[in-house]
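Asker: Sequence and predicted model, in that order:
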Amino acid sequence: MELKSFIKSLTIMHLFLLIGLSIFTVWVYFQINSFNTSTTGQGIFLYTVPIFAMLGYFGSQWVFKKMSSKIKLENRLEEKLKKYQSALHIKYALIEVPAFIGLFAYYNTANALPLVISVCLLAYLAAQRPNKEHIINSVPLSPEEKSRIQQA
């Protein structure tokens with residue numbers, strides 16, 4: 001496995017997830033094109049969207065740390081990177097799903113709260129861009145493997 005192409009593929013995957021969610025956010029906003037800040041009569045969406053957002057935010061961090069901690073120092077670098085990639089995929093999914101739920105809720109209710117929550121999750125997803133430093137800090141690596149990743 002070539003490290004440069006691995007990092008590039010992670011970056012491209014992250015970028016496509018980010019672009020897809022951004023396009024859907026803009027589309028939903030222009031479909032509704034209004035804001036409602038009322039807290040009455042919104043039904044279950046007013047409560048479930050923040051709960052899903054918190055579960056997605058904290059769950060993504062917890063699952064990623066849990067999966068990253070299972071990576072053993074003795075494994076080959078390729079195995080470590082595959083496990084890291086799987087952890088990242090799940091982390092991104094746990095961020096994206098609540099964002100889509102929030103956009104769906106905004107589309108159905110025109111309440112600004114789900115839209116704001118979805119935009120915050122989108123910003124958080126953007127901040128999670130994979131890079132060499134994040135790999136080095138998240139994966140248990142030998143000094144030789146660290147230098148290989150830094151040189152990639």
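Answerer: Yep, it's here.
Asker: residue boundaries of the helices in the protein?
Answerer: Per DSSP state H, the chain carries helices over the ranges 3-32, 45-69, 77-109, 112-127, 132-138, 143-151.
Asker: can you redo the ones you listed as TSV with distance to residue 38, mean pLDDT and mean neighbour count?
Answerer: Just so you know, the C-beta spots here come from the backbone N, C-alpha and C atoms, and that holds for glycine as well. Below are the helices of the chain laid out as TSV (distance: least, C-beta to C-beta, whole Å; pLDDT from 0 to 100; neighbours: other C-beta atoms under 10 Å):
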stretch	distance to residue 38	mean pLDDT	mean neighbour count
helix 3-32	14	94	15
helix 45-69	9	94	16
helix 77-109	9	94	19
helix 112-127	10	95	19
helix 132-138	41	91	15
helix 143-151	51	87	13
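Asker: Give me the phi and psi for the closest residue in space to residue 11 that isn't next to it in sequence.
Answerer: Closest residue to residue 11 apart from its sequence neighbours, by C-beta to C-beta, 6 or more residues apart in numbering: residue 130 at 5.9 Å. Main-chain torsions, residue 130, degrees, to the nearest 10: phi -70, psi 140.
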